[in-house]
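Asks: From the sequence below, what's the structure:
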Amino acid sequence: MSLKAISSKDAAALDKDLMEVGGWSLDQLMELAGLSVAQAVWKVHPPSAGKNILVVCGPGNNGGDGLVAARHLAHFGYSPSVYYPKQGKNELYQRLKIQLQNLSIPFITDFSPALQQTDFLVDSIFGFSFGGPLREPFGDIVSQIESASVPVLSVDAPSSWDIQSGPPKEGPGAKFMPASLISLTAPKPCVQFYQGRHFIGGRFLTRGLADKYGLDLPGYQGVEQVLEVGVDAEGKL
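Replies: Sure thing, here's the model as predicted:
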C-alpha cells in the first residue's frame, strides 16, 4: 500500500484546519502523534530487543511529539531517556517535561555516551517545517547519529532532510538513512528518497479533510495507531 504525499505548506494548512475547523487542540494532536511514534517503536524494536530508548527532541512540535512518545514508551515497559538540548519555551512543552519528570525519565546532558549505550534512538528533532541548513548543536547531533550503529526511527522526516528534495547533498545528514520512518497524518514528498520500514500515524483525518487535500485515508486496523505502508508515495506538490 502506498499513500499520497502532502507538501509542507499543505501539511501546515491541514494542521490549522484540524484545530480551527475540526475542533482539535494542539495538545490532542501531539498526544496522538506521540502515541503513534511509541507504537511504531514497539513494532520495530520490541522490549525484548533492548529497553534503553534515547529520544532526541528538537525545540518545536516534532520535539513535543518525542516527549509524548517517551512517556508512552515508559508505560510500555521501556527505559527511555531524553536529550533535549534546545527546549521549547511554551507552556505545553513545560507540562510535557513535568509529566516525564514525574515518571523519573532522565533528561541527559551528555549526548555522545548516551548514544553509545542506547539500544534504539527516536529522532524527533525536526519535522515537516524544517528548512535547512542545520544549526548547531543539531549538525553535530545528526552527524553522530548517522555514524552510529544504533537503529533509528525518525518522526515525520529524517532530521536534516529537505521535505521536498530529501537528504542534503553534503554535510550532516547526507548519508543519514534511519532504519524506520513514521510519517504523521500523511507522507511528505521526501519519502521517495527513503529506504527502510515506513509507517503512517496520527489517526485524526476525516473524510472531508482527506478529500480537501487529496489524501488517502489509511486503513488502520482495530485499535492500532500506526500502519506500515510503502515508500512509493505519489507526490501532491
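Asks: OK, contacts around the residue nearest the centre of the chain?
Replies: The centroid of the chain falls nearest to residue 155 when counting by C-alpha atoms, centre = their mean (1.6 Å). Listed by C-beta atoms under 8 Å, 6 or more residues apart in numbering, the contact set of residue 155 reads 33, 37, 62, 65, 66, 69, 122, 123, 124, 127, 182, 184. C-beta here means a position set from N, CA and C on the backbone, and glycine is covered the same way.
Asks: My guess is residue 192 contacts residue 166. True?
Replies: Yes: assessed by C-beta atoms under 8 Å, residue 192 is found in contact with residue 166 at 7.3 Å.
Asks: Which residues are in contact with the spatially closest residue to residue 112 that is not a sequence neighbour?
Replies: Spatial nearest neighbour of residue 112, excluding adjacent residues (C-beta to C-beta, 6 or more residues apart in numbering): residue 144 at 6.5 Å. Residue 144 sits next to 111, 112, 115 when contact means C-beta under 8 Å, 6+ apart.
Asks: Check residue 206 too.
Replies: Taking C-beta under 8 Å, 6+ apart as the criterion, residue 206 is in contact with residue 22.
Asks: all helices for this protein, in order.
Replies: 8-20, 26-44, 61-75, 91-102, 111-117, 138-147, 207-212 (DSSP state H).
Asks: And these: which comes nearest residue 54?
Replies: Residue 54 sits nearest to helix 111-117 of all the helices of the chain, at 5.5 Å, using C-beta to C-beta.
Asks: So what's the gap between the closest one and the chain middle?
Replies: How far helix 111-117 lies from its chain's middle: 20 Å, per C-alpha atoms, centre = their mean, to the nearest Å.
Asks: Show me the shaky parts of this protein.
Replies: For the chain, applying pLDDT under 70 flags the ranges 1-2, 132, 231-237.
Asks: Tell me the residue in it that is farthest from the middle.
Replies: Computed with C-alpha atoms, centre = their mean, the residue of the chain farthest from its C-alpha average is residue 208, at 24.9 Å.
Asks: residues in contact with it?
Replies: Here residue 208 is in contact with no residues (criterion: C-beta under 8 Å, 6+ apart).
Asks: redo that, cut-off 10 Å
Replies: Counting by C-beta atoms under 10 Å, 6 or more residues apart in numbering, residue 208 touches 17, 21, 22.
Asks: do residue 35 as well
Replies: Counting by C-beta under 10 Å, 6+ apart, residue 35 touches 65, 68, 69, 71, 72, 201, 202, 203, 225, 226.
Asks: one more time with 7 Å
Replies: 68, 72, 225 (C-beta atoms under 7 Å, 6 or more residues apart in numbering).
Asks: Now for those, which sits with the most neighbours around it?
Replies: Neighbour counts for the contacts of residue 35, by other C-beta atoms under 10 Å, peak at residue 68, which reaches 25 neighbours.
Asks: where's the nearest residue to it once chain neighbours are set aside relative to residue 96, distance?
Replies: Residue nearest to residue 68 in three dimensions, not counting chain neighbours: residue 34, with 2.4 Å by C-beta to C-beta, 6+ apart. Counting by C-beta to C-beta, to the nearest Å, the separation of residue 34 from residue 96 is 9 Å.
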